[in-house]
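1. Sequence plus the predicted model coming up.
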Amino acid sequence: MSRPAIATRARIRRRAPRPISSERSRTATASCDAIRALASIKPAAPETLSALSRAMRDSDPGVRRTAAAALGELGAVTELPQALKDPDKEIRRNAVRPLRRIVVKPEGSAGPAATAAVIAAMAEALNDEDPAVRDAAVRSLGAIGPPARGALPTLRQMRAQPTSRSRELDAAIKRIDVE
């Protein structure tokens with residue numbers, strides 16, 4: 001190929017519009033950065049929680065994960081359980097781990113009301129139609145431990161079913177049912 005042809009191709013490439021995926025990627029990155037910035041402002045204003053709840057419905061899964069993590073970091077006990085009822089299974093999946101983090105924190109646990117709300121939401125998630133949501137709820141309840149005793153009947157019922165993941169259920173039941 002001649003040098004003029006190579007130069008012409010290079011000019012065409014520079015003028016060609018960027019692929020949409022790279023635009024989306026930049027937008028998602030900017031959204032995630034904005035979400036992290038909002039989460040760093042404490043205490044969280046109601047507008048912040050509202051914006052993070054809206055971000056849980058973004059089309060980009062990375063934005064949804066970041067929003068869920070931010071809500072968990074802020075201890076948004078009212079917003080995350082609502083996300084567990086969302087029709088989108090990705091939003092439900094993304095809400096489980098941050099919800100657990102509200103209760104299981106390195107710096108200490110949440111208050112009794114927050115713990116009870118999280119456990120109730122997790123117990124409800126055990127009945128989710130998506131197996132990944134159910135599995136995450138099982139692991140999260142196991143991580144919470146003895147305060148999650150209220151979920152034991154459902155966990156034992158799941159354990160009796162042949163399709164359930166017996167190893168994870170056994171581990172969760174063992175961690176919760178400590179006497």
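-> Yep, that arrived.
2. who are the neighbours in contact with Leu52?
-> Shown in contact with Leu52 (C-beta atoms under 8 Å, 6 or more residues apart in numbering): Ile35, Leu38, Ala39, Ala67, Ala70, Leu71, Leu74, Ala76, Glu79. No exception for glycine: its C-beta is placed from N, CA and C like everyone else's.
3. Please, which helix or strand holds the second one?
-> Leu38 is part of helix 20-40 when elements are defined by DSSP states H and E.
4. just checking, what packs against that helix?
-> helix 46-55, helix 61-74 (3 or more C-beta pairs under 8 Å, 6 or more residues apart in numbering; DSSP states H and E).
5. helices or strands next to the last one in the packing?
-> Which is helix 61-74. Using 3+ C-beta pairs under 8 Å, 6+ apart: helix 61-74 touches helix 20-40, helix 46-55, helix 79-83, helix 89-103.
6. now, of those, which is deepest in the fold?
-> Highest mean neighbour count among the helices and strands packed on helix 61-74 (mean count of other C-beta atoms under 10 Å): helix 89-103, with a mean of 23.
7. for the record, mean pLDDT for that helix?
-> For helix 89-103, mean pLDDT rounds to 85.
8. which is the next helix or strand following that helix?
-> Counting by DSSP H and E, what follows helix 89-103 is helix 112-125.
9. now the angle from that following helix to helix 61-74?
-> Put simply, helix 112-125 runs at 150 degrees to helix 61-74, going by axes from the mean of the first three to the mean of the last three C-alpha atoms, to 10 degrees.
10. What residues sit buried inside helix 112-125?
-> Ala114, Thr115, Ala117, Val118, Ile119, Ala121, Met122, Ala123, Ala125 (16 or more other C-beta atoms under 10 Å).
11. Show me the contact partners of whatever helix or strand comes next after it.
-> Next in sequence after helix 112-125, counting helices and strands by DSSP H and E, comes helix 131-144. Contacts with helix 131-144, where a contact means C-beta under 8 Å, 6+ apart, come from 84, 89, 92-93, 96-97, 99-100, 103-104, 115, 118-119, 122-123, 125-128, 148, 151, 155, 158, 165, 168-169, 171-176.
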